[in-house]
Structure formats: C-alpha cells, structure tokens
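Chemist: Dropping the sequence and predicted coords here.
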Amino acid sequence: MEKANKQHKVFRHLKFIRLCTWLLSFFTILPSRHSFNYGEALSKSLLYFESQRSGRLPYNQRVVWRHHSGLTDGLEQGVDLVGGYYDAGDNVKFGLPMAFTVTMLSWSVIEYSEQISDAGEYGHALEAIKWGTDYFIKAHTHPHVLWAEVGDGDTDHYCWQRPEDMTTSRQAYKVDENNPGSDIAGETAAAMAAASIVFRKTNPHYSHLLLRHAEQLFEFGDKYRGKYDESVKVAKGHYTSVSGYMDELLWAGLWLYKASGDGGYLNYVLENAQGFGGITWAITEFSWDVKYAGVQLIASTLLAGKRSRKHQQILKQYRSRAEYYLCACLNKNNVTNVRRTPGGLLYVRQWNNMQYVSAAAFLLTAYSDHLQASNQRLQCDHGTLDPSEIFKFAKSQVDYILGYNPTGMSYLVGYGSKYPERVHHRGASIESYKTQKDFIGCTQGYDLGYSRQGPNPNVLVGALVGGPDMKDQFRDERENYVQTEACTYNTATLVGVFAKLHWLEKDSLFARPSSLPVDSGQQKILV
C-alpha cells in the first residue's frame, strides 16, 4: 500500500512537470506582453494606399519604389480613366472593391476624425479617399454611365509584371441603361456620399460635387436594376456580386440620407426594408460584397433621431439584425456564431479571411461607441454586454493582427519585427522601376518576381494579408495567395480602429494586448 502511494505521488509529480512543460511551450510561442504602437500601425496602414495607386503619381508620393502606371487607361474607349487603385497584388482596377474601400475609409474618418487628427494622419487619410473619388468622378461620364473596370483578371493573371511595365489588356468596361449594374452604381454612390461628408468643411465645392454624382448614381442604379457582373462578365470569378444589388441600394440610400439629410432617402431604406432583405437577412459577415450588416448597423443608430419616432418598428427590426451580426462575432448567439481559431481569431472562410476580421473589428468598435454614447448595452441570447466588453473583443482581433497570436507574426506588413516577407504582389516582388528601368515582360517577371526564393525587394508597408488558416497556421510563400495576398479593403476598415486605439494608448486599461478569446475546450490565454 505504501509503495502504491509512493508510485501515485511520483505519477502526480510527473503529470505536474508535464503540465508545466506544456504551459511553458504554449506561452513561449506568444509574443511578449508589451503595448502595441497603434499610431505606427495607423500611419503604415495609410501608407499602403500609396503603394496601390494607379496613374500619374504626385510629387509628395511617399512610397518611392512605385512610379507612374496605367497612363493610357480608357484611351481606347475615348475616356480618361487614369488614376484610382489596384485592388490587390495584380494590375486590374476593379470598381466594386475600390468603391467599398473608399466608403470604409470615409466612414473611418467620419467616426474618428479627431483621433486621426491627433495622430497627425488626417491629411493622409483625406488624400487616400480623394485618390479614389477623383477617379470615380472620371469614371462617371454620364448620369447613367459608370466605367466599372479597367483590365481583366483572366489575362492579367497570366502575366507577372510591375504596373509600370504593363502589357496586358487595359480594355475598360462600363455599366449603362442597357447593361445595368445596380450593385456597383450603389456602392460608388455610397462612397461618394460618404466622402462628401468628409470634405464638407475642408473643401465644400468638392463635397457638393461628390454628392451630386452620388445622387445621380443612386438614381441610375435604382431605375435600371441588375447585377453588374451580368453586364461586365470579366468580373465573374474575381469579384462576383454574390449578394446581388439590393444591399448596395439600401447602403447607398443610407449614406445619401446621412450626406444630404433628405428624408426621401430614409423613406427608401424603410420602404424597401422587407423587399430588399434589410430586415430579413441575418448575416455573419460584412465585406465588399455583402453590406447587410453595415446597413443594419447604421439604420439601428437612427433610432435616437427625431425622424425615427414614426419608424420605430422598422428601425428596431434593423437593429435586431445588426445585433445578430454583432452577437455572432462575440459568440453570444444561440445557434449561429462566427467560428474562431484556437488562438481566438474570427474565421469566416479560407480565402483572405482577414478582410472579415478587420471589417468586424470596425463594426464592433463603431457600435460600441454608439452604445456608450446612448447609454445602452448589447442584448444577446447568451447575455448582455457593456460597450467596453464589445470594444475589448474588437481590440483582441486587432492585437492578433499585430502579433499577439500563436505564431508571433504581425499580419500587417512592415509592422513589428516579424511579418510576411513574400507577399503575393507583382510590384513588391520585382525590383523597383526607379532602380531597374529595363522593361520586364510577363515571363521574365515570373522568373524575377514570382519565383524569387527570398523576400520581396519592396516592402508593402501597411498591407493586411489574407492571414492564417483555421489552425492559426501561416505559410509565408508568394504562391500561397490565399494567405499572402493583401487587398485595399482589408486595411481600409482598420484605419478608424487603429486611430481610436492610439487615442486610448495612454489609458492603462488599454496599454497591453487583450486576452484572446478561444474556442471552448481550449486553454485560455491569460494576461
């Protein structure tokens, strides 16, 4: 019996040692618990948009490895389409994600202008927005004509060239009365309406011009209804409008109401709430394609307004759907919640998952501010949350992005000591045009850039890559585009959140990374 007790004690001792060893190995993969420099993250996120510029670059261009490109865009069609943004690592100008990028940049500035100014980045934020809206003004050549795309993904993806060397097709594609595109017209209207709010004080003439374009685009998209990828078929397979156009029309209506104060736009959103799915769709993602959660969230914030009294019922239904999205992100719904990786990252799907994470972080942050200002709490199936709890979760997602994760890697390129070095990006992977002016063709580009064994010669600072898989694993390989390609709309939704976090940095409550929520059954990371 005594021998058995001794063996039992030894066994328990060994189990304790093994547990300690496991815990030590678990915590050593996490970065040290120091405060993130959110101001630096904000600055770098805005710098990224300069890397994605198309057209003739300005004298104050800060990303010096880029040069002029796409200077004949639209020439074949007799229209000036020089400018705008490349959406990701290729050289196509896709109008739908570009417009969503500008909408979200504008929303960030509207919500967090004071915080962005405090960080010294207000001018850069306005420049990032205006680079997009200047292009949209060019692309909207007639009240019922919008140029939706320049170049096409199929021919572009057979070629690996710097944008400065492009030899691929630069054919431009439009939507019009005979070839409708309500989704792209609606999103571009939303972008221009939101931007008109941004420029209202600093550039009132420009603000008025943007609002006029937004009104015309909304009228066009609503009157001539149809999906843009049915008219611009080269968009299929690259930016297919899976959600259709009804969410974009509601989205545009709300932004036009906010920009103009015209109650007709609010009535449109209320009258079409049922038919367009605004109060029927319960969604667990928000993206360049699916706008319902954003529509529902903005509509729900109108409940406090004077005009809302006679529309309480419909606005409350919008709020119910907005809260479904928020509670799903917070893992507080009865049935459907957004999955999480073992390290606590929201996980929607394999390809470019970070776009959904950054978008959720923004909506959670914006809504927590709304609840704080109106002295409310979020009601979920599994409990009631204070605004601070909602924001803390949003912060945990941002901290994961910046390096507080199982790999210890920052997924914001150029931030921290460890970040993706082989981003799937043509221009970044080949020597700069400034230092290597010799023409580089398609196949030569594959040899020099795509097949390069080492890191990219140009760091794509501020780009948010697709990120890790469901198990928090990440392969930093250029051909692994599912994880290593970055997109403008990934970063756009982080700008406002970075600004708020920078503003709060001096508060000790937010001076360290949040604990990362994990799936049930997983070891909780303590702070």
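Modeler: Now that the structure is in, tell me what you want to look at.
Chemist: And the strands in the chain?
Modeler: Ranges of strands within the chain are 93-94, 146-150, 172-175, 339-340, 346-347, 378-380, 383-385, based on DSSP state E.
Chemist: Can you give me the neighbour number for the residue lying closest to residue 277 once chain neighbours are set aside?
Modeler: Nearest residue to residue 277, sequence neighbours excluded (CB to CB, 6 or more residues apart in numbering): residue 246, at 5.6 Å. Every residue, glycine included, has its C-beta placed from N, CA and C. As a burial measure, residue 246 scores 21 neighbours (other CB atoms under 10 Å).
Chemist: quick one, phi psi at the spatially closest residue to residue 164 that is not a sequence neighbour?
Modeler: What sits nearest to residue 164 in space, not counting adjacent residues and going by CB to CB, 6+ apart, is residue 433, at 4.2 Å. When quoted as degrees, to the nearest 10, the phi and psi of residue 433 stand at phi -60, psi -30.
Chemist: got a list of what residue 433 touches?
Modeler: Listed by CB atoms under 8 Å, 6 or more residues apart in numbering, the contact set of residue 433 reads 65-67, 162, 164-165.
Chemist: residue ranges with poor pLDDT in the stretch 301-450 of the chain?
Modeler: Residue ranges of the stretch 301-450 of the chain with pLDDT under 70: 305-309.
Chemist: ok, now with 90
Modeler: 303-312, 335, 433-434, 436-437 (pLDDT under 90).
Chemist: Would you mind measuring from the residue nearest to residue 277 to residue 501?
Modeler: As judged by CB to CB, to the nearest Å, residue 246 and residue 501 stand 34 Å apart.
Chemist: Ok, residue 56 next?
Modeler: 35 Å.
Chemist: repeat for residue 210
Modeler: Taken as CB to CB, the span from residue 210 to residue 501 is 29 Å.
Chemist: out of the two, which sits in the busier spot?
Modeler: residue 210 (30 against 27).
Chemist: unless I'm mixing things up, the more buried one is touching residue 193, no?
Modeler: Yes: the pair residue 210 / residue 193 is scored as a contact, 7.3 Å apart, by CB atoms under 8 Å.
Chemist: one step back: out of the contacts of residue 433, who's nearest residue 269?
Modeler: When the contacts of residue 433 are ranked by distance to residue 269 (CB to CB), residue 66 comes first, at 39.7 Å.
Chemist: May I have the predicted confidence score for the nearest residue in space to residue 128 that is not next to it in sequence?
Modeler: Ranked by CB to CB, 6+ apart and with sequence neighbours excluded, the top spatial neighbour of residue 128 is residue 49, at 4.3 Å. In this model, residue 49 is scored at 98, pLDDT.
Chemist: Just list the residues touching residue 49, thanks.
Modeler: Contacts of residue 49 by CB under 8 Å, 6+ apart are 85, 105, 128, 131, 462, 488, 491.
Chemist: Okay, it and residue 391: tell me how far apart.
Modeler: Counting by CB to CB, the gap from residue 49 to residue 391 is 26 Å.
Chemist: ditto for residue 249
Modeler: Distance from residue 249 to residue 391, by CB to CB: 31 Å.
Chemist: likewise residue 382?
Modeler: 18 Å.
Chemist: next one: residue 299
Modeler: Separation of residue 299 from residue 391 (CB to CB) stands at 21 Å.
Chemist: if you count what's nearby, which of these two comes out ahead?
Modeler: Per other CB under 10 Å, whichever of residue 299 and residue 391 has more neighbours is residue 299, with 29 against 26.
Chemist: re the thing from before, and the contacts of residue 433, which is closest to residue 262?
Modeler: residue 66 (40.1 Å).
Chemist: wouldn't the closest one be in contact with residue 47 here?
Modeler: No: counting by CB under 8 Å, residue 66 stays clear of residue 47, with 11.2 Å between them.
Chemist: out of the two, which sits in the more crowded spot?
Modeler: Shown here are residue 66 and residue 47; by other CB under 10 Å, residue 66 has more neighbours (23 against 20).
Chemist: and the more buried one, what does it touch?
Modeler: Neighbouring residues of residue 66 by CB under 8 Å, 6+ apart: 50-51, 53, 57, 163-164, 427, 432-433.
Chemist: Keep only those of those residues that are in helices.
Modeler: Among the contacts of residue 66, DSSP state H puts 50-51, 427 in helices.
Chemist: from those residues, which is closest to residue 311?
Modeler: residue 50 (42.3 Å).
Chemist: That closest one against residue 61, yeah?
Modeler: Yes: assessed by CB under 8 Å, residue 50 is found in contact with residue 61 at 6.1 Å.
Chemist: low-scoring pLDDT stretches of the protein, where are they?
Modeler: Using pLDDT under 90, the flagged stretches of the chain are 1-35, 155, 157, 237, 303-312, 335, 433-434, 436-437, 505-527.
Chemist: try 50 this time
Modeler: Applying pLDDT under 50 to the chain picks out residues 1-33, 508, 510-511, 515-527.
Chemist: follow-up on the earlier one: which of the ones in helices among the contacts of residue 66 lies closest to residue 396?
Modeler: The nearest member of these to residue 396, counting by CB to CB, is residue 51 at 27.8 Å.
Chemist: Would you mind measuring from the closest one to residue 37?
Modeler: Distance of residue 51 to residue 37, given as CB to CB: 20 Å.
Chemist: Those two - which one has more neighbours?
Modeler: Neighbours per residue, other CB under 10 Å: of residue 51 and residue 37, the larger number sits with residue 51, 25 against 17.
Chemist: what residues are up against the more buried one?
Modeler: 63, 66, 427-428, 460-463.
Chemist: Now residue 382. Nearest residue, chain neighbours left out?
Modeler: residue 332 (4.4 Å).
Chemist: I'd like the distance between that neighbour and residue 369.
Modeler: Counting by CB to CB, the gap from residue 332 to residue 369 is 19 Å.
Chemist: Over to residue 377?
Modeler: The gap separating residue 377 from residue 369 is 13 Å, by CB to CB.
Chemist: The two: which has the busier surroundings?
Modeler: residue 369 (18 against 14).
Chemist: which one of the contacts of residue 433 has the most neighbours?
Modeler: Going by other CB under 10 Å, residue 162 tops these with 26 neighbours.
Chemist: I figured that one hits residue 426, correct?
Modeler: Yes: Residue 162 is in contact with residue 426 according to CB under 8 Å; the separation is 6.1 Å.
Chemist: what touches both of these two?
Modeler: In terms of CB under 8 Å, 6+ apart, residue 162 and residue 426 are both contacted by the residues residue 445.
Chemist: before we move on, the earlier item: just list the residues touching the residue nearest to residue 277, thanks.
Modeler: Contact analysis of residue 246 by CB under 8 Å, 6+ apart lists 272, 275-278.
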